[in-house]
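>>> I'll drop the sequence and a predicted model, then ask my questions.
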Amino acid sequence: MEDFVRGLPKAELHLHIEGTLEPEMMFALAARNGVSLPYASVEAVRAAYEFENLQSFLDIYYAGAACLLHEQDFYDLTWAYLERARADGVRHAEIFFDPQTHTGRGVAFATVVGGIHRALEDGRDRLGVTSGLIMCFLRDRSAEAAAETLQAALPHKALLLGVGLDSAEVGHPPSKFAAVFERARAEGLRAVAHAGEEGPAAYVWEALDVLGVERVDHGVRSAEDATLVARLAAEQVPLTMCPLSNVRLRVFDRIENHNIMRLHDAGVLVTVNSDDPPYFGGYVGENYLAVQRAFGLDRGQLRDLAANSIAASFMPGDRKAELTAELNAYVQAAG
């Protein structure tokens, strides 16, 4: 089953590239760039991965991001993720990045997007992994700061697939960013947003009706509102769920209590993703395996989850058809 899961052709739609920074690379980049880390060793970093909530994770996340200074750093980070994802069967990835995390430290927007984009191009050409880049606004900063970030991004719009919303959720409703999302959509950018992870189901409604998102990232608390679940199912609004992340951040106390399959059985288009894999205990393959083991999924059910990831992506129709055919051939060959 593990070999089947890792080979299963799939898309990953909820992945923060800064959150793929492995401790070994963190120390290598810190040494390369002369950055002082608040940790004595790789082991000390890993020991800090016991999180009480989202904010306790964000503290170490931002400490690691401080090592990223030059275009090559962003290239190396992204390339390392793509190699790991390809080994887990990922054929297409739609990747989040947080420019405000870097521009606030004096790193130019062009440096950030340039390094990531160059790696994504190489991933397509050398690994066969197609991709898209989604720029996220930090919701715990002001709406004005988000608008400034969008303005800085527009000269690079051709490199962007869409915009998203992430960081500390509680107290920062989606409606705070209504104006910047309206402008981004007017510029032709797709829209997604984190909602209903630590924040309430009401935030999911706002993401849909105020921000006009096409996908909801996480969305686990949607299950608290039966009317919302019915809408998500009827409109086939994808949820990009991250099971191991939700357990590590105490949204659920154990994987067996996660609601991904209850929502799936209610007709919601759920997908499996890794979020920030080194911090939360695994890349996308480990997330699929955790769900498979917790709920006793068979190969057909796993195929359905992989098919959901392809359907929920922003890939062109011909690429979706190509990956769906590859998925079906893989499952058939596996018996």
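Yep, it's here. Keep in mind that what you see is a predicted model, and the values were worked out from it rather than measured.
>>> quick check, distance from stretch 287-303 to the centre of its chain.
20 Å (CA atoms, centre = their mean, to the nearest Å).
>>> CA atoms only: put that stretch into PDB for me.
Extracted as PDB, the C-alpha positions of stretch 287-303 are listed here (Å, rounded to 0.1, in the frame of the first residue of the first chain):
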ATOM      1  CA  ASN A 287      -0.500  12.500   4.600                       C
ATOM      2  CA  TYR A 288      -2.100  10.100   2.200                       C
ATOM      3  CA  LEU A 289      -0.800   7.100   4.200                       C
ATOM      4  CA  ALA A 290      -1.900   8.600   7.500                       C
ATOM      5  CA  VAL A 291      -5.500   9.000   6.100                       C
ATOM      6  CA  GLN A 292      -5.400   5.500   4.600                       C
ATOM      7  CA  ARG A 293      -4.300   3.900   7.800                       C
ATOM      8  CA  ALA A 294      -6.700   5.900  10.000                       C
ATOM      9  CA  PHE A 295      -9.800   5.100   7.900                       C
ATOM     10  CA  GLY A 296      -8.900   1.800   6.200                       C
ATOM     11  CA  LEU A 297      -9.100   3.300   2.700                       C
ATOM     12  CA  ASP A 298      -8.800   0.900  -0.200                       C
ATOM     13  CA  ARG A 299      -7.200   1.700  -3.500                       C
ATOM     14  CA  GLY A 300     -10.300   2.900  -5.100                       C
ATOM     15  CA  GLN A 301     -10.900   5.500  -2.300                       C
ATOM     16  CA  LEU A 302      -7.300   6.600  -2.600                       C
ATOM     17  CA  ARG A 303      -7.700   7.000  -6.400                       C
END
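>>> Packing partners of the lowest-mean-pLDDT helix or strand in the chain?
The weakest-scoring helix or strand in the chain, judged by mean pLDDT, DSSP states H and E, is helix 54-65 (a mean of 86). Where contact means 3 or more CB pairs under 8 Å, 6 or more residues apart in numbering; DSSP states H and E, helix 54-65 is packed against helix 99-103, helix 277-280. Placement of C-beta: from N, CA and C, glycine included.
>>> Would you mind listing the outside residues contacting the first one?
It refers to helix 99-103. Outside helix 99-103, the residues that touch it by CB atoms under 8 Å, 6 or more residues apart in numbering are 18, 62, 65, 68, 109, 111-113, 135, 137-138, 141, 145, 149, 152-153.
>>> These, buried ones only, as a PyMOL selection?
Per 16 or more other CB atoms under 10 Å, the buried members of the contacts of helix 99-103 correspond to this PyMOL selection:
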select buried, resi 18+65+68+109+111+112+113+135+137+138+141+149+152+153
